[in-house]
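S.K.: Provided below for reference: sequence and predicted model.
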There are 2 protein chains.
Amino acid sequence: MKRKITLKQIAKELDVSVSTVSKALSNSKEISEDTTQKIQAFAKLYNYKPNNIALSLKNRKTKTIGILIPEIVHHFFSTVIRGIERVANRRGYNVIVGLSNESFTKEIINMEMLANGSIDGFILSISKETLLKQDYHHFNATINQGMPIVMFDRVVNEVDCDKVIVDDFNGAVKAVKKLIENQCKHIALITTLDYVSVGRLRTQGYLEALQNNGIEADSNLILKIDDSLDVENNLDILETEIAQFFKSNPNIDGVFAVNELYAVSAMKVARKLGLKIPDDVQVIGFTDGVLSKHATPSLTTVSQHGQKIGEQSANLLIDRLEAEDAEPEQYFTNTEKKRDFIKVVIETEIIERESTK
Amino acid sequence: MKRKITLKQIAKELDVSVSTVSKALSNSKEISEDTTQKIQAFAKLYNYKPNNIALSLKNRKTKTIGILIPEIVHHFFSTVIRGIERVANRRGYNVIVGLSNESFTKEIINMEMLANGSIDGFILSISKETLLKQDYHHFNATINQGMPIVMFDRVVNEVDCDKVIVDDFNGAVKAVKKLIENQCKHIALITTLDYVSVGRLRTQGYLEALQNNGIEADSNLILKIDDSLDVENNLDILETEIAQFFKSNPNIDGVFAVNELYAVSAMKVARKLGLKIPDDVQVIGFTDGVLSKHATPSLTTVSQHGQKIGEQSANLLIDRLEAEDAEPEQYFTNTEKKRDFIKVVIETEIIERESTK
DNA sequence: ATATTTTACGAAAACGTTTTCGTGTTGACA
DNA sequence: TGTCAACACGAAAACGTTTTCGTAAAATAT
C-alpha cells in the first residue's frame, strides 16, 4: 500500500526542486524539454494527481457545492439533487449533501459544519421548522461571510439571494382550470397547513382558478392536513381524514391535491367508497413522482421539473462563484459590480393520465 | 461583507503570535489565564471557526465520506444515503455524493475526482456497466492507495473490502415460500438479466424455494426483463411484455418480482386481464418503497432495510478509518494488525399487505 | 547572591500546492 | 573580451492550521 505520491517526493527522486516539478507538470516553458519529459514520465508512472485539499487551501476555493435539504428520501428532492450534480459535475464541481431532516437546529449545525471552508456556496431548501420559526439569521450570517446561497422551492423573502422556484400558483390554477373544463362542479382541495409557502401558493392558485371561472369557493371543500406529523407512517390517519371528508361532502366530483400522496390517498379512499375514477371523481395531484406514474389509475399531475430546478440552481450558483472570481477584487465596494439577485421561476406542466377525463 | 477571520488576523489584532492564539483557543495551559480570556473573547466576538481545509491538510484527513451510487432518484439508494448521513453526522463526518449514472466511465471519473484528497474513504454500489464489463481495477487501485472502501448491495468478490449486502437469496426464498404456503401452484418469476448480482441471487432464491417444496421449476414461468433500457420511461414495453407473459401462461396464480416496479406492473396488467388480486393471483415484490406502500392493492414485499444498510456501511468505514488512525504507524508491515474485511448481511423482512392472502 | 525551575510566550516546521522573484550559466553580439 | 539577453532552474512565500522546541523572564530554591 503506497500512499499517494507528492510533488516533493517526485522532486527528491529526480533530484530537482519542487517548483521545477510543478512547472514541468503544467508544461511551463520555463523548464527545458528534457526535464519536462523526464518529470512527466515519472509522474505518469506513479500516477501523480495533485492533492485537492492543498489546492483548495492555496486557491481559497474548494470547487464543491453544499446542498442542504430537509429530506433525501423524497422524489422531488432527489430529482433536484440529480440536476445539481449534473451541471456541477460538468462544470468541475463536487457536491456535498447535508440533511436538515426538517429540523431548525440540524439545519444550522449542518450549515456551520460546511461553511468553514468546506464549500464555496450553498444550494438549499428551507426546513419546515425554520419556516415555522421564521428565524433566518443563519442564512444571512452565511451570506455576510461572503458565501453565496441559492434557495430553491421553499424560499423566503427575508433572505437576499438567488432563488429558483416552482410556479406553484399557476400550476394550481392550471390544474383546477382543467378540472373545471372537464365539467367538475364541486372541486375539493386537499392541502397542508399554511406555513409551508408552497402549500399556501397552491391553495391560492386553487382559489384564483375558481374565482376566474365564477365559482364560489366553499370552505367545506377544503381539507387541510397537518403534515407536521410524519404522514408516511401514519397513512391510516390520513386516509380516515380523507374518508370523513368525502362522506361529509358527497357532491365532490373533482379533487386537486397539493402533493402526490394526498392525491393517491384520495383516489384510494374514493374507490373504497364506491366512487369510480375518473367517471365519478377526477383527481389531479402535484409533483410528478413514481406514485403518480404507477398508481392505478395513473394520476394526472402537475410536474415541477425538479431536475431543471436543480440545474438552474447550480448554474446560478456557479455563475456567481466564477464571477466573483473574475473581478480581481472589488476596487469600489460601493459600486458593487455583481449581478443583482434574481428569482427564476420554473414553469409547471400538466401531465395527463388516467385520473382525469 | 467581512471574510471569515483567521488565526493570523486575531494574532495581529491582539499583538500576540499565531501559536499563542491557537493554544489559547484550545485552552492550553501553556498560556496565561489573562491572555486566554482575552483571546477567547475576541475570537467569540468575531465568530472564529477554524478553517476545515487547513485542518484537513494538516491532519491529512478530511472527515468526509464519499458516496458513489448509480442513481439517486431511487427509493432504495436514497434510503441508504439517509442511513449513511445519519451516522456520519453523528460521528462528525460529512458526506459527499457522486453519481455514476450506471456508467463505467462516470464511475471512474468520479472516483478519481474524489480520491485526490477530498475524502477519507468510499461507500459505494457498483454501476451496471461496470458489472457487465467486470472491470474492477479502479476499485483496487483506490484501495491500494490506502483509501478504504465499503461496498453495499451490488458487491463483487474480486475486490477485497468490507461489504454490506442484503440477504437477497433468503429474501427470495422467504417470499416464494410464503406464496407456496398460500396455496399458489404456479408461481411466476419476473426478474432481470443475470449480470446484476442481486437479480441473480433473487432468482436463485426463487428456484431454491421451489425445489425445497418439491415443485419443479418451469422455465416458461420465468420472465427476464432487459433493464439495460430505461424502464421508467418505457413503461409500455414492460407492460406489454408482462401481458404477453400472462397470456401465454394462464395458469399463473402467484408472482414473485425482483423489484417493486415489476411487481406493480404485474398487478396492473393482471387486473387489466380481469384477474383479481389476491384472489386469482398473489403478488410479492422486492424493495419496500413508496410504490409498494401506496399501490392499490398495496403490495406485499420483501423489505431490504436500506437505512440500516447505510448505517452499517458508514459504521464499518468510520471504524476502519479511526482504527488506522489509532495505530501510530504499522511497525510491522507484515503483521498487519487491521481487522479482516467482513461482509455484513442485512436480513430481509416480509411486509404483508393486500396483494397476498 | 546564585542556581534552578517554572511560566508564558514566539519561531518555525509541516501538510501539498502554485507562483513570484532571484540567480547562475550559457550564448550571442559588439 | 566585455555586455546583455535568454534560458533553466531554485528559494521562498502564501493559503490556515497545530505542534514541537527554544528561550527570555519570573519565581523559587539553595
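M.R.: Perfect, thanks for sending it. Numbers count the residues shown, from 1 in each chain, chains lettered A, B, ... in the order given.
S.K.: how far away from the center of its chain is the longest helix seen in chain A?
M.R.: Counting residues, the longest helix in chain A under DSSP state H turns out to be helix A:306-326. In this view, helix A:306-326 has its centroid 13 Å away from the chain centroid, taken as Cα atoms, centre = their mean, to the nearest Å.
S.K.: direction included, what does the very next helix or strand once past it pair up with?
M.R.: Later in the chain than helix A:306-326, the nearest helix or strand by DSSP states H and E is strand A:343-346. The pairing partners recorded for strand A:343-346 under DSSP bridges are strand A:162-166 (parallel).
S.K.: which other helices and strands contact the helix or strand following the strand it pairs with?
M.R.: For strand A:162-166, the following helix or strand on the C-terminal side (DSSP H and E) is helix A:168-181. Helix A:168-181 sits against strand A:187-192, helix A:197-212, strand A:254-257, strand A:282-286, strand A:300-303, strand A:349-351, with contacts defined as 3 or more Cβ pairs under 8 Å, 6 or more residues apart in numbering or on different chains; DSSP states H and E. Where you see a C-beta, it was placed from the backbone N, CA and C, and this is true even at glycine.
S.K.: what does helix A:168-181 contact?
M.R.: A:187, A:198, A:201-206, A:208-210, A:212-213, A:215, A:254, A:256, A:258, A:282, A:284, A:286, A:300, A:302, A:304, A:347-348, A:350, A:356 (Cβ atoms under 8 Å, 6 or more residues apart in numbering or on different chains).
S.K.: could you redo the last one with a cut-off of 7 Å?
M.R.: A:187, A:198, A:201-202, A:204-206, A:208-210, A:213, A:254, A:256, A:282, A:284, A:286, A:302, A:348, A:350, A:356 (Cβ atoms under 7 Å, 6 or more residues apart in numbering or on different chains).
S.K.: before we move on, the earlier item: how about the helices and strands packed on helix A:168-181 in JSON lines, adding mean neighbour count and mean pLDDT?
M.R.: What follows is those, written out as JSON lines (neighbours: other Cβ atoms under 10 Å in any protein chain shown; pLDDT from 0 to 100):
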{"stretch": "strand A:187-192", "mean neighbour count": "25", "mean pLDDT": "94"}
{"stretch": "helix A:197-212", "mean neighbour count": "20", "mean pLDDT": "90"}
{"stretch": "strand A:254-257", "mean neighbour count": "28", "mean pLDDT": "96"}
{"stretch": "strand A:282-286", "mean neighbour count": "28", "mean pLDDT": "96"}
{"stretch": "strand A:300-303", "mean neighbour count": "26", "mean pLDDT": "97"}
{"stretch": "strand A:349-351", "mean neighbour count": "15", "mean pLDDT": "96"}
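S.K.: export these to TSV and tack on distance to DNA strand D?
M.R.: What follows is these, written out as TSV (distance: least, Cβ to the nearest atom of the strand, whole Å):
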stretch	distance to DNA strand D
strand A:187-192	42
helix A:197-212	36
strand A:254-257	49
strand A:282-286	45
strand A:300-303	44
strand A:349-351	46
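S.K.: how about the ones you listed in TSV, adding distance to residue A:41?
M.R.: As requested, those are exported to TSV (distance: least, Cβ to Cβ, whole Å):
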stretch	distance to residue A:41
strand A:187-192	63
helix A:197-212	57
strand A:254-257	64
strand A:282-286	59
strand A:300-303	53
strand A:349-351	55
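S.K.: tell me which of those lies nearest to DNA strand C.
M.R.: helix A:197-212 (43.2 Å; Cβ to the nearest atom of the strand).
S.K.: and whatever helix or strand comes next after that closest one, what does it pack onto?
M.R.: Downstream of helix A:197-212, the next assigned helix or strand under DSSP H and E is strand A:222-225. Strand A:222-225 sits against strand A:187-192, helix A:235-248, with contacts defined as 3 or more Cβ pairs under 7 Å, 6 or more residues apart in numbering or on different chains; DSSP states H and E.
S.K.: coming back round to it: now what about the longest helix of chain A, what contacts it?
M.R.: A:65, A:76, A:79-84, A:86-88, A:91, A:93, A:120-121, A:123, A:148, A:150, A:152-153, A:162, A:164, A:166, A:338-339, A:344, A:346.
S.K.: the closest residue to DNA strand C within the stretch 151-300 of chain A: how many residues sit nearby?
M.R.: Nearest residue of the stretch 151-300 of chain A to DNA strand C: residue A:162, at 28.6 Å (Cβ to the nearest atom of the strand). Using other Cβ atoms under 10 Å in any protein chain shown, residue A:162 has 25 neighbouring residues.
S.K.: which residue is the nearest non-sequential neighbour of the residue nearest to the spatial centre of chain A?
M.R.: Centrality entry for chain A: nearest residue to the mean C-alpha point is residue A:80, 4.5 Å, by Cα atoms, centre = their mean. What sits nearest to residue A:80 in space, not counting adjacent residues and going by Cβ to Cβ, 6 or more residues apart in numbering or on different chains, is residue A:310, at 4.0 Å.
S.K.: ok so, going back, just the contacts of helix A:306-326: which are in strands?
M.R.: Mapping the contacts of helix A:306-326 onto strands (DSSP state E) picks out A:65, A:121, A:123, A:150, A:152, A:162, A:164, A:166, A:344, A:346.
S.K.: just give me the least confident of the residues you listed.
M.R.: Of all the ones in strands among the contacts of helix A:306-326, residue A:166 has the smallest pLDDT value, namely 94.
S.K.: quick one: secondary structure of residue A:298?
M.R.: Local secondary structure at residue A:298 is given as coil here, using DSSP: H, G, I helix; E, B strand; the rest coil.
S.K.: for it, grab phi and psi.
M.R.: The phi and psi values for residue A:298, taken as degrees, to the nearest 10, are phi -70, psi 150.
S.K.: check residue A:100 too.
M.R.: According to degrees, to the nearest 10, residue A:100 has phi -90, psi -20.
S.K.: repeat that for residue A:119.
M.R.: phi -140, psi 170.
S.K.: how about it, nearest residue that isn't a chain neighbour?
M.R.: Sequence neighbours aside, residue A:66 is the residue nearest to residue A:119 in space, at 3.9 Å (criterion: Cβ to Cβ, 6+ apart).
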